[in-house]
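Trainee: Could you work out the structure for the sequence below:
(2 chains)
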Amino acid sequence: NAGVMQNPRHLVRRRGQEARLRCSPMKGHSHVYWYRQLPEEGLKFMVYLQKENIIDESGMPKERFSAEFPKEGPSILRIQQVVRGDSAAYFCASSDRGSNQPQHFGDGTRLSIL
Amino acid sequence: GDSVTQMEGPVTLSEEAFLTINCTYTATGYPSLFWYVQYPGEGLQLLLKATKADDKGSNKGFEATYRKETTSFHLEKGSVQVSDSAVYFCALRGAYGGSQGNLIFGKGTKLSVKP
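Mentor: Next up is the predicted model:
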């Protein structure tokens, strides 16, 4: 009865390195959303994916950020050449069947950039 | 665009006090409205929801009513407990397809309940 699983829980990177965040949705869920939470802020939508498709990436920064949700395996949020401003908590949520269904959140990955 | 505004915290209450956290929204049409709770170091948990005007969502003693006329979805609880200490987020999901179902969140309200 696993919920949304994110790993790692904490990730430390130096400026210029790459960060890879993973999200395994709840069993049976085929819709994945990524959100970013800056300190003392609410969550901001980044990208919405279904299996092998990006449905809405209107919240993704234009450079350095990418996301995928392959046919097999977890969804990956990748940040290339990280900068200090990328330090945040990144949350993944999944839902069943469509955008009208409730979203279930993982515990997040806390990314720290040195 | 769609947006959510909720009262700023932190809010500090004594155990058994009455809680209100205000939330208002701006949206086209009839969005769905949600309250999420975040405990320290954890992800967000859905607390309650309402999908149409005058709906009342309720869970664990918390309630919120979808008020179209005042575009509000205030969270209330009659008697808070220490275990309710957390950050509470009001959120909406747009009524129309452009947002494709992503949630729009308020900034969160931190609640601390003292014994």
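Trainee: contacts, neighbours, all on C-alpha from now
Mentor: Will do.
Trainee: So the most centrally placed residue in chain A: helix, strand or coil?
Mentor: Among the residues of chain A, the one closest to the centroid is A:Trp34, at 3.7 Å (CA atoms, centre = their mean). Secondary structure assignment for A:Trp34 (DSSP: H, G, I helix; E, B strand; the rest coil): strand.
Trainee: Please apply the same query to A:Gly85.
Mentor: Per three-state DSSP, A:Gly85 ends up helix.
Trainee: which ones are touching A:Glu68?
Mentor: By CA atoms under 8 Å, 6 or more residues apart in numbering or on different chains, the residues touching A:Glu68 are A:49, A:52-54, A:75-77.
Trainee: My understanding was that the residue nearest to the centre of chain A contacts A:Ala93; is that so?
Mentor: Yes: if you go by CA atoms under 8 Å, A:Trp34 and A:Ala93 touch, sitting 6.4 Å apart.
Trainee: where does chain A come near chain B, residue by residue?
Mentor: Contact residues (CA under 8 Å from any CA of the partner chain) of chain A with chain B: A:33, A:40-45, A:48, A:55-56, A:91, A:99-100, A:104-108.
Trainee: Drop anything exposed from those.
Mentor: Burial by neighbour count, 16 or more other CA atoms under 10 Å in any protein chain shown: within these this picks out A:33, A:42-45, A:48, A:55-56, A:91, A:99-100, A:104-108.
Trainee: tally of neighbours for residue 19?
Mentor: Picked chain A for this. 21 (other CA atoms under 10 Å in any protein chain shown).
Trainee: my question was about chain B
Mentor: With other CA under 10 Å as criterion, B:Leu19 counts 17.
Trainee: Run through the bridge partners of it.
Mentor: B:Lys77 (DSSP bridges).
Trainee: measure it to B:Leu111 for me?
Mentor: B:Leu19 sits 9 Å away from B:Leu111, taking CA to CA, to the nearest Å as the criterion.
Trainee: pLDDT weak spots in chain A?
Mentor: Residues of chain A that meet the criterion pLDDT under 70 lie in A:1, A:98-100.
Trainee: ok, 90 please
Mentor: A:1-2, A:28, A:30, A:38-42, A:96-103 (pLDDT under 90).
Trainee: Strands of that one, start to end?
Mentor: Using DSSP state E, the strands of chain A run over A:5-7, A:10-13, A:19-24, A:31-37, A:43-50, A:53-56, A:65-68, A:75-79, A:88-95, A:104-105, A:109-113.
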